[in-house]
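Asker: Quick one, structure for this:
(2 chains)
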Amino acid sequence: DAGITQSPRYKITETGRQVTLMCHQTWSHSYMFWYRQDLGHGLRLIYYSAAADITDKGEVPDGYVVSRSKTENFPLTLESATRSQTSVYFCASSPNGRTGDEQYFGPGTRLTVT
Amino acid sequence: AQKVTQAQTEISVVEKEDVTLDCVYETRDTTYYLFWYKQPPSGELVFLIRRNSFDEQNEISGRYSWNFQKSTSSFNFTITASQVVDSAVYFCALSEASNNDMRFGAGTRLTVKP
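Answerer: Sure, this is the predicted structure:
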């Protein structure tokens, strides 16, 4: 019962490079989310997805791209990484986002952009 | 847009003391959900409680209790007889029924000293 997993757990990349963070959940939850956590800001929503092939922007989407071809996967891509994208990234899922279901979080990916 | 304020950035107490973590929220929706999450030093996010806007009944779970007051837009969290294992960052969050954008407060870092 893996639940929700993220890979890699740690990543160091250089400015300008493309990097993809992976998220996989085994619950068949409809909704999936990507957050970034920065000191003083808590968690901020980057993108979310209500189902396969349905995605929408959150509070801080600039510089990120998402896709969701399968229900269980929700990759997050930084097309040209910048130092300001150094952060801890959390993926989450929930059965139904609008009914106030709790979100289940992955372990996080710590990304450093040099 | 909704907003969550956790004015206490850091709190330090000695074991067995009671401690209250404050959370104030802003929303225009009449239907919304409030959450508390715990983030221990290991980094994962642990769900603690969910409250919907129509249920102002306070809740107690062991040493944890929550006080929801719509009149003051507050959802405070009290730990009774704190323990070292309670040391963590605690996040309050708000989700409106009209959208899928869960907003988190900046978090309160609680340190419980032996």
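Asker: which element follows the helix or strand bottoming out on mean pLDDT in chain B toward the C-terminus?
Answerer: Lowest by mean pLDDT, DSSP states H and E among the helices and strands of chain B is strand B:59-61, with a mean of 87. Sequence-wise, the next helix or strand downstream of strand B:59-61 (DSSP states H and E) is strand B:64-69.
Asker: and that next one, what's its mean pLDDT?
Answerer: Strand B:64-69 comes out with an average pLDDT of 94.
Asker: CA atoms of whichever helix or strand comes after it as CSV?
Answerer: Proceeding N to C from strand B:64-69, the next assigned helix or strand is strand B:74-79, under DSSP H and E. This file holds the C-alpha atoms of strand B:74-79, laid out as CSV (Å, rounded to 0.1, in the frame of the first residue of the first chain):
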residue,chain,number,x,y,z
SER,B,74,-11.0,31.6,14.0
PHE,B,75,-10.1,28.0,14.2
ASN,B,76,-7.7,27.6,17.0
PHE,B,77,-5.8,24.5,18.0
THR,B,78,-4.9,23.6,21.6
ILE,B,79,-2.5,21.0,22.8
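Asker: Now stretch B:66-86: buried residues?
Answerer: B:66, B:68, B:73, B:74, B:75, B:76, B:77, B:78, B:79, B:82, B:86 (16 or more other C-beta atoms under 10 Å in any protein chain shown). C-beta here means a position set from N, CA and C on the backbone, and glycine is covered the same way.
Asker: is chain A contacted by it?
Answerer: No. Stretch B:66-86 is not in contact with chain A by C-beta under 8 Å from any C-beta of the partner chain; minimum separation 13.3 Å.
Asker: start to end distance for that stretch?
Answerer: Its start and end residues considered, stretch B:66-86 measures 15 Å (C-alpha to C-alpha, to the nearest Å).
Asker: ditto for stretch A:14-31
Answerer: End residues of stretch A:14-31 are separated by 31 Å (C-alpha to C-alpha).
Asker: Run the contact check for that stretch versus chain B.
Answerer: Yes. Interface with chain B: stretch A:14-31 contributes residue A:31 (C-beta under 8 Å from any C-beta).
Asker: repeat for stretch A:50-60
Answerer: Yes. Remark: stretch A:50-60 sits within contact range of chain B at A:50, A:56, A:58, A:59, by C-beta under 8 Å from any C-beta.
Asker: Just after the strand or helix carrying the second one, pick out the following helix or strand.
Answerer: So the one you mean is residue A:56. According to DSSP H and E, residue A:56 maps onto strand A:54-57. For strand A:54-57, the succeeding helix or strand toward the C-terminus, using DSSP H and E, is strand A:64-66.
Asker: picking up where we left off before, tell me which other helices or strands the strand holding residue A:56 touches.
Answerer: Where contact means 3 or more C-beta pairs under 8 Å, 6 or more residues apart in numbering or on different chains; DSSP states H and E, strand A:54-57 is packed against strand A:42-51.
Asker: what helices or strands is the strand it packs on leaning on?
Answerer: Strand A:42-51 sits against strand A:31-38, strand A:54-57, strand A:64-66, strand B:88-96, strand B:103-104, with contacts defined as 3+ C-beta pairs under 8 Å, 6+ apart.
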